[in-house]
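**Q** Next come a sequence and a model predicted from it.
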Amino acid sequence: MNITVYCASSPLSSEKMKRAAREVGLWIGKSGNALVYGGSSIGLMGEVSKATLEAGGEVFGVEPQFFIDAGVAQHDLTELYVVETMEERKALMIELAHVFVALPGGVGTLEEISEIMSRVRLQLTAGPCYFLNLDGFYDGLRALVGQMIEARFIEAEQAEAAFIFADSVDELILLLDERAEHPGAGADMPVVPESNLQMG
């Protein structure tokens, strides 16, 4: 199962958040799943990718050329897909994924997982999507979803099935383990043009 993880690239993340990202990465690697992420070596992105590699897992990075030029790309990845724009990056990360997870992050993480929420609701992408609600980080988003339900913009049953908030790494791992046992259709990794590929 390819798990696309969205999370912060800021190096200022707390040690607790870094430790959580490492725990997620170690589980991905040890469980035989693969990580798809934004390709960076810093922040929570760096932590989750390094831990997955250390655990023997495969890591597929998707990085715009301008970030590579800035020197933030993670080395020794299984594969690094180089794109030109953020839009191409998001599209390819969606194409490669079987499941989507948001760790804590900033506006970029919010933008990416919000698109997944919309795609899941429109049945353009298989759901659900998962949020690591560490120390209540996503309580505000969960409350906003509740307000959308109250306003009848979305149905409660649909939202509860599509947007899942885990309050700990252990809970997130249990949920992902369940999903790995029942991955559904489309489990083969999509083919990506070789022109976009750099070997790690």
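**A** Done, it's in. Residues are numbered from 1 along each chain as shown.
**Q** Next, the buried residues of the top strand by length along the chain.
**A** Longest strand in the chain, counting residues (DSSP state E): strand 58-64. Residues of strand 58-64 classed as buried by neighbour count (16 or more other C-beta atoms under 10 Å): 58, 59, 60, 61, 62, 63, 64. Backbone N, C-alpha and C define where each C-beta goes, glycine included.
**Q** Likewise for stretch 34-46?
**A** 34-46.
**Q** which secondary structure elements does the longest strand of the chain contact?
**A** strand 34-37, helix 43-54, strand 79-83, helix 86-96 (3 or more C-beta pairs under 8 Å, 6 or more residues apart in numbering; DSSP states H and E).
**Q** Which among these is found nearest to residue 116?
**A** Between residue 116 and the helices and strands packed on strand 58-64, the tightest spacing by C-beta to C-beta is seen for helix 86-96, at 7.3 Å.
**Q** average pLDDT for the closest one?
**A** Averaging pLDDT along helix 86-96 yields 95.
**Q** Buried residues of it, list them for me.
**A** By neighbour count on 16+ other C-beta under 10 Å, the buried set for helix 86-96 is 89, 90, 92, 93, 94, 95, 96.
**Q** looking at this structure, which residue lies furthest from center?
**A** Largest separation from the mean C-alpha position in the chain: residue 151, at 28.7 Å (C-alpha atoms, centre = their mean).
**Q** low-scoring pLDDT stretches of the chain, where are they?
**A** By pLDDT under 70, the weakly predicted segments of the chain are 183-200.
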